[in-house]
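Engineer: With the input below, show me the fold.
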Amino acid sequence: MNQISSDTNLILLKTPEELETERLVQEVQAKQNQIAELTLALEDLKLEVNRFETEYNAILGKLYVELDKVNLEIKEYTLRVQLIEKEAIVNKARIDDRVEESFKEERQKIFDHEQKAAQDSQKFAKSQSEPEIDAITAKQLRKLYLKLAKIYHPDKAKTNTERAKNERMMSLINRAYEEKDALTLQRLVKSAKENEEILNEAPHQKQQRLRTERHKLDEVIADLKADIEAIKASGSY
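Structural biologist: Below you'll find the model as predicted:
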């Protein structure tokens, strides 16, 4: 019988436990990738809805504000007539005070809507003047976003402190993506570090951790899909 003369000829077979661990790792990684893709899809939908609402309010918002002002003037006039005819109030200062107090909240709402319409008008005008990004840049932005979403998704956090940090980071990431700021996204990717595996972790402990993480990721995926469907079902989509 020939003896195996070198270690290089040895075929090292993996144990069932090692194979199970590898399978769980692959499943977790696949779900992390899916979460990143869904997070990006959700962000794209939010941006699309936001752009529509901004354009809608920029074009029609001012018209609705003017209509609300006219309706308010009619209500104020009607109240003045009632105060004079039914309550016999003839003092102009008293009438003005009653009218002012009666429509205080409605007047504030009109003012807020007018401010919002002005802001959206400026935002829409700015977006119209910005050049469209090319397909290569768009692909780069998506790739960078996916990397960062895998790292900083809030539901990956293990503590409240870590969740708060991830939420702040995702807010920054979402803003950079919305502004098509590839440089900021690149810097964030460069400075980001994936969570390192727990050292000295026994095989059965690692498998249990991976199963727990897999279950948690399934919940995140379900929530993201629900959020996407909710936006698609909204009146603004």
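
Engineer: any chance you could map the strands in the protein?
Structural biologist: Secondary structure of the chain (DSSP state E): no strands present.

Engineer: which residues of it fall in helices?
Structural biologist: 16-85, 92-102, 104-129, 135-152, 160-178, 182-191, 203-233 (DSSP state H).

Engineer: Export the ones you listed as a markdown table, with columns for mean pLDDT and mean neighbour count.
Structural biologist: For the C-beta atoms, the positions are set from N, CA and C on the backbone; glycine is no exception. Output for those, formatted as a markdown table (pLDDT from 0 to 100; neighbours: other Cβ atoms under 10 Å):
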| stretch | mean pLDDT | mean neighbour count |
| --- | --- | --- |
| helix 16-85 | 88 | 15 |
| helix 92-102 | 89 | 12 |
| helix 104-129 | 87 | 14 |
| helix 135-152 | 89 | 17 |
| helix 160-178 | 88 | 15 |
| helix 182-191 | 83 | 14 |
| helix 203-233 | 86 | 14 |
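
Engineer: Find the centremost residue of this protein, please.
Structural biologist: Closest residue to the average C-alpha location of the chain: residue 43 at 5.3 Å, with Cα atoms, centre = their mean.

Engineer: what's the closest non-adjacent residue to that residue?
Structural biologist: Leaving aside its chain neighbours, residue 43 sits nearest to residue 174 (5.9 Å; criterion: Cβ to Cβ, 6 or more residues apart in numbering).

Engineer: quick one: that neighbour and residue 36, what's the gap?
Structural biologist: Distance, residue 174 to residue 36, by Cβ to Cβ, to the nearest Å: 13 Å.

Engineer: same deal with residue 163?
Structural biologist: Here the criterion is Cβ to Cβ. By it, residue 163 lies 17 Å from residue 36.

Engineer: just residue 133 next, same as before
Structural biologist: Distance of residue 133 to residue 36, computed by Cβ to Cβ: 21 Å.

Engineer: same check, this time on residue 93
Structural biologist: Remark: distance between residue 93 and residue 36 (Cβ to Cβ) = 64 Å.

Engineer: For the nearest residue to residue 79 once chain neighbours are set aside, give its distance to residue 76.
Structural biologist: Nearest residue to residue 79 in three dimensions, chain neighbours excluded: residue 99, at 5.5 Å (Cβ to Cβ, 6+ apart). Here the criterion is Cβ to Cβ. By it, residue 99 lies 5 Å from residue 76.

Engineer: circling back: please verify my assumption that the residue nearest to residue 43 contacts residue 40.
Structural biologist: No. If you go by Cβ atoms under 8 Å, residue 174 and residue 40 don't touch, sitting 10.2 Å apart.
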